[in-house]
Structure formats: structure tokens, C-alpha cells
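J.: build me a model:
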Amino acid sequence: MMEQIIAVLNENRSIHWIDIHNMRLQKFGDSLHVDCHVTLHYYNDLQQTHEEMEKIDELLNLHFENKVEFFIHPDPCKTSSCSICLLSNCPVRSNPFQQKIDWNLENILRNKAHQID
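T.: Residues are numbered from 1 along each chain as shown. This is a model prediction of the structure:
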């Protein structure tokens with residue numbers, strides 16, 4: 001099930017979702033409960049952050065027949081996030097983009113934001 005969730009997130013990835021990590025999945029009857037951290041641009045206001053989290057929630061519920069309860073902890077991006085950030089016209093980019101991190105079962109479960117070492 002986790003691999004299906006990750007596949008949906010990768011296939012529908014927004015340039016505003018810099019990173020997803022520390023994902024946990026629990027099943028309660030026929031419902032799924034997903035917790036995760038999502039790194040978003042630090043300069044977003046609360047409304048923009050909420051809208052991005054709703055997009056993730058709606059996306060997964062569309063694919064999993066409204067059986068997903070999503071709790072998202074938003075993390076602000078940091079300078080180290082620039083190297084994996086897909087937003088090409090970021091107004092505060094301090095480091096060049098280096099590579100897109102494809103989310104997978106191994107790296108999305110870690111309790112650590114992705115970065116290029």
C-alpha cells in the first residue's frame with residue numbers, strides 16, 4: 001500500500017512539494033491514516049501552505065476512494081533544500097538545483113529531509 005501511495009505522489013508531484021519524508025501508514029478498518037512531513041517554500045503564507053496540503057490529501061483520496069486520512073506536518077525549506085527544489089523561478093534560491101529526488105520506499109520513510117550530500 002505504501003508503494004502505491006508513493007507512486008501516486010511521484011506521478012502527480014507538484015514543483016511546490018520540495019520533499020516528503022517521515023511517512024507512516026496505519027490501517028484502521030477500511031480506512032488509511034497517513035502521517036508525513038512535507039517540505040514547502042518557507043515564504044508561503046499559511047493559506048498557501050494549507051492549499052498545498054489539501055492538494056496532497058485530495059490527490060490520495062481520489063486514488064484511494066476517500067479512505068485516506070492525511071496528517072501532514074509542513075516543514076519550511078532551508079538553504080540545503082535548494083539543490084533538490086524543482087521550482088526553477090524561486091525568488092530566494094541560494095544554491096543551484098542539482099537533482100530531482102525520486103521518492104521511494106527507502107527514502108520516504110526516513111525521519112530526515114532529503115538533501116544532496
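
J.: show me what contacts the spatially closest residue to Ile18 that is not a sequence neighbour?
T.: With sequence-adjacent residues excluded and distances taken as CB to CB, 6 or more residues apart in numbering, Ile18 is closest to Thr39, at 4.2 Å. Glycine gets a C-beta too; all of them are placed from N, C-alpha and C. Residues near Thr39 by CB atoms under 8 Å, 6 or more residues apart in numbering: 17-21, 74-77, 81, 113.

J.: give me the phi and psi for Thr39.
T.: Thr39 adopts backbone torsions of phi -90, psi 120, taken as degrees, to the nearest 10.

J.: which helix is the longest one in this protein?
T.: Longest helix of the chain, by residue count under DSSP state H: helix 46-63.

J.: bridge partners for the closest residue to Asp19 other than its chain neighbours, pull those for me.
T.: Once flanking residues are discounted, Asp19 sits nearest to Thr39: 3.8 Å by CB to CB, 6+ apart. Thr39 has the following beta-bridge partners by DSSP bridges: Asp19, Asp75.

J.: one more: Lys27?
T.: What pairs with Lys27, by the bridge criterion (DSSP bridges), is Leu32.

J.: need the pLDDT of it.
T.: pLDDT, Lys27: 85.

J.: got it, and Asp117?
T.: With respect to pLDDT, Asp117 has a value of 62.

J.: picking that back up, how near is the residue nearest to Asp19 to Gln48?
T.: Distance, Thr39 to Gln48, by CB to CB, to the nearest Å: 14 Å.
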